[in-house]
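In: would you be able to build a 3D model of this:
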Amino acid sequence: MSTTLVNFRLDTQLKKKLEKLCDELGMNLTTAFTIFAKKMVREQGIPFRINKESYGYEDPNEETIAAFEEGERMLRDPNSKTYNSSEELFDELDAE
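Out: All right, here's what the predicted structure looks like:
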């Protein structure tokens, strides 16, 4: 079996945690990624469910919540300017 070198970037802390887990499981990163690749090819897709918890989704912070609330207030304000398309918005911005 011939092999090829694959390089990709991974967050440093995530890599350290992954290496520790792999070590506890008695394997290295190459073995772990090979297992993942074989399973993905066999199943013709990602071999696990992907949801917001899968990739570190966190609840919005206070600043984000405030921005959401401001947006909602603007939508309720009858004097707020609205646009039918992004082109309409950009045309107005270009005219300023």
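In: any chance you could map the helices in the chain?
Out: 12-24, 29-43, 62-76, 86-95 (DSSP state H).
In: so which of those helices is nearest residue 3?
Out: helix 29-43 (9.1 Å; C-beta to C-beta). For the C-beta atoms, the positions are set from N, CA and C on the backbone; glycine is no exception.
In: and residue 80, how many neighbours?
Out: 9 (other C-beta atoms under 10 Å).
In: what does residue 33 give?
Out: By other C-beta under 10 Å, the residues close to residue 33 number 15.
In: the residue nearest to it when sequence neighbours are not counted and residue 36, how far apart?
Out: Excluding its sequence neighbours, the residue lying closest to residue 33 (C-beta to C-beta, 6 or more residues apart in numbering) is residue 6, at 7.8 Å. Per C-beta to C-beta, to the nearest Å, residue 6 is found 12 Å from residue 36.
In: mind checking which of those two has more residues around it?
Out: Neighbour count, other C-beta under 10 Å: between residue 6 and residue 36, residue 36 has more, with 13 against 8.
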